[in-house]
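# Below are the sequence and a predicted model for it; my questions follow.
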Amino acid sequence: MLIRLLALLFALAALGSAAAQDFPVTIEHAYGETTIPAKPERIVTWGWSNEDVVIALGQVPVGMPFQSYGGGDNGVHVWVEEALIAAGAEMPTILPASSEPPIEQIAALQPNIIIAAYSGITQDQYDILSGVAPTVAYLGAPWSTPWQDLTLVIGKALGKETEAKALLEETSAWVKAEFARYPELSEVTFASANDYDGAIAVYAPLDARMKFLTDFGMKMNPSVAANAPGDDTFFYPLSYELFDKLEADIFITYYEEQAALDTWLQTPQAKSYPPIANGGLAALVGTENVAAVSPPSILSLRWGLPRYLEVLSAAARAVHKQ
């Protein structure tokens, strides 16, 4: 599927060359505005999924972060690595994994632009990065920029707004067609959470993973928002004493390993939880599988969505049989 995507990108490149985007370009984001004076050639990404969009739009960053979740020993997601190989591109410099951007290493790459449109950079970090190169921060709340908006804002920043819109339209149509193969998914409600530190970490409506599902016709159970402490967070803790207040037909959870999931499923809390007891468990297992849709990107969707939909559909079908 990545080969088909790359073929589309070559066609879009020809389209873009015929209608080049003018610079300077100004991007609005959570920390104000960033003006990009000329088409960026040396791109550094920071956060999650930003490099996916850059590569999907036919450019290769000079530097991108080590992705410790699902990135393997080299810190590069498999769909990114496959796309780079298919394009005959060299591997970018992999920046060290850390909670803060490695300023010196980024500066040494002499970037024209730093893209952190899906990240959690602070105001101070943004200010420092902006001293290195024009920096694009997230659009609203940290770690919540939807994959569609991420594609469009990065496309605009790179002077590839036309290509980004066309790629988004084609990918959205493909995703819609994939969801349409499983009509049972529109007939159930869902909630999503993971066991964490003796409680349940519930993914709220703001979370990009959840918005992806609702964008394509799935229904989040109203209890998810009703139990949330506010509407400005993408997850919240819920004690196991209140677990049954999180109502749904199917329960979506993510685990790195099957053994860890099996252990949790043997706990009294999991055994007595109605969606699980009724057969509505939709557990996506494996770091690469989870990373591809948590949240998805314009590039990772082609790799991870088919497996994800199979898991969701199996849970929905099991509930229908009750």
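Thanks, I have it. In this text, all values refer to a predicted model and were calculated from it rather than measured experimentally. Numbering: from 1, shown residues only.

# Thr35: neighbour count?
When neighbours are defined as other CB atoms under 10 Å, Thr35 has 10 of them. C-beta coordinates here come from the backbone N, C-alpha and C atoms, glycine included.

# Angles on the backbone of it, please.
phi -100, psi 130 (degrees, to the nearest 10).

# who's in contact with it?
For Thr35, the contact set (CB atoms under 8 Å, 6 or more residues apart in numbering) comprises 24-27, 134.

# Same question for Ser294.
Ser294 neighbours (CB under 8 Å, 6+ apart): 209, 254.

# List the contacts of the lengthiest strand in the chain.
Assignment by DSSP state E gives strand 189-196 as the longest strand of the chain. For strand 189-196, the surrounding residues in contact (CB under 8 Å, 6+ apart) are 200-203, 209-210, 213, 218-221, 223-224, 237-238, 246-255, 264, 270, 275, 282, 312.

# Mind listing the strands the helix or strand just after it pairs with, and their directions?
Next helix or strand after strand 189-196 toward the C-terminus (DSSP states H and E): strand 199-203. Strand pairing for strand 199-203, using DSSP bridges, gives strand 189-196 (antiparallel), strand 235-238 (antiparallel).

# average pLDDT for the longest one?
What that stands for is strand 189-196. For strand 189-196, the per-residue pLDDT values average out at 97.

# Stretch 221-230 now?
94.

# Run a quick neighbour tally on the closest residue to Leu95 other than its chain neighbours.
The shortest distance from Leu95 to any non-neighbouring residue, by CB to CB, 6 or more residues apart in numbering, is to Pro65 (4.9 Å). Neighbourhood size, Pro65 [other CB under 10 Å]: 26.

# Just the buried ones from the contacts of Thr35?
Using 16 or more other CB atoms under 10 Å as the burial test, the contacts of Thr35 include 25, 27, 134 as buried.

# out of the residues you listed, which one sits closest to Ala157?
Ile27 (5.6 Å; CB to CB).

# which SS state does the closest one fall under?
What DSSP: H, G, I helix; E, B strand; the rest coil gives for Ile27 is strand.

# which residues touch it?
Counting by CB under 8 Å, 6+ apart, Ile27 has contacts 33-36, 136, 153, 156-157.

# and stretch 265-282, which residues are buried?
265, 269-270, 273, 275-276, 278-282.

# coming back round to it: hmm, which of the contacts of Ile27 are the buried ones?
The neighbour count (16+ other CB under 10 Å) marks 34, 36, 136, 153, 156-157 as buried among the contacts of Ile27.

# Find the nearest non-adjacent residue to Gly70, please.
Closest residue in space to Gly70, ignoring its immediate chain neighbours: Ala291 at 2.8 Å, by CB to CB, 6+ apart.

# How many residues are close by the one you found?
With other CB under 10 Å as criterion, Ala291 counts 25.

# same for the host helix or strand of it, what does it pack against?
If you go by DSSP H and E, Ala291 is part of helix 287-292. Applying 3 or more CB pairs under 8 Å, 6 or more residues apart in numbering; DSSP states H and E, one finds that helix 287-292 contacts helix 300-320.

# can you give me how far the helix it packs on is from the chain middle?
17 Å (CA atoms, centre = their mean, to the nearest Å).

# so what secondary structure elements neighbour that helix?
Right, helix 300-320 is packed against helix 2-18, helix 78-87, helix 161-180, strand 250-255, strand 281-285, helix 287-292 by 3+ CB pairs under 8 Å, 6+ apart.

# Let me have the ones you listed in CSV, adding mean pLDDT and distance to Leu301 as columns.
Below are these laid out as CSV (pLDDT from 0 to 100; distance: least, CB to CB, whole Å):
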stretch, mean pLDDT, distance to Leu301
helix 2-18, 52, 9
helix 78-87, 96, 9
helix 161-180, 96, 6
strand 250-255, 98, 16
strand 281-285, 98, 14
helix 287-292, 96, 8
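
# which of those sits most buried?
Highest mean neighbour count among the helices and strands packed on helix 300-320 (mean count of other CB atoms under 10 Å): strand 250-255, with a mean of 24.

# Can you give the distance of it from its chain's centre?
16 Å.

# Now the element after it, going C-ward?
Past strand 250-255, the next helix or strand by DSSP H and E is helix 258-265.
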